[in-house]
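Enquirer: Quick check, what structure comes out for this input:
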Amino acid sequence: MRGGHDIERYRRSRPDSPHSKKAYNILIAVPSHAVKGPDMKEVSHAYRAFTKAGYHVDFVTADGSPVKFSQSDLTDPINRWFVEDANAKYSADQPRRVQDIVPERYVAVYFAGGNSLV
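Expert: All right, here's what the predicted structure looks like:
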């Protein structure tokens, strides 16, 4: 997966960056009241790439409601891993609320859900 390799290369190339002295955290922002939520693949593949690269991943929705997917193809091996992994399931079921986010704790934000976030 390209994203995971790019992240790992970035981390290795910047050992003296300010982020190297902090925990590596990435935030996945997902719509909470969208008519159509993101496809599971859009979230699961990013989550897997980030965690494989050593990042801790938190989810955030506007009101802290659980992440809802519009489509979840369990024949995809990464989607299946995502629903079977206890950490991923907990993170998606217990997202943070937007007002509880401390921006300084995160090195990146990944926006899932396309136009539903706007």
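
Enquirer: In which helix or strand does residue 109 reside?
Expert: Per DSSP states H and E, residue 109 falls inside strand 108-111.

Enquirer: repeat for residue 88
Expert: Going by DSSP H and E, residue 88 is in helix 86-93.

Enquirer: Report the buried residues of that helix.
Expert: Under the neighbour-count criterion of 16 or more other CB atoms under 10 Å, helix 86-93 has 88, 91, 92 buried. Yep, even glycine has a C-beta here, placed from its N, CA and C like the rest.

Enquirer: mind checking how far that helix is from the chain centre?
Expert: 11 Å (CA atoms, centre = their mean, to the nearest Å).

Enquirer: could you say which helix or strand contains the residue nearest the centre of the chain?
Expert: Most central in the chain under CA atoms, centre = their mean is residue 28, positioned 3.5 Å from the mean C-alpha point. Using DSSP H and E, residue 28 maps to strand 25-29.

Enquirer: Report all helices and strands that that strand contacts.
Expert: Using 3 or more CB pairs under 8 Å, 6 or more residues apart in numbering; DSSP states H and E, the elements in contact with strand 25-29 are helix 40-52, strand 56-61, strand 108-111.
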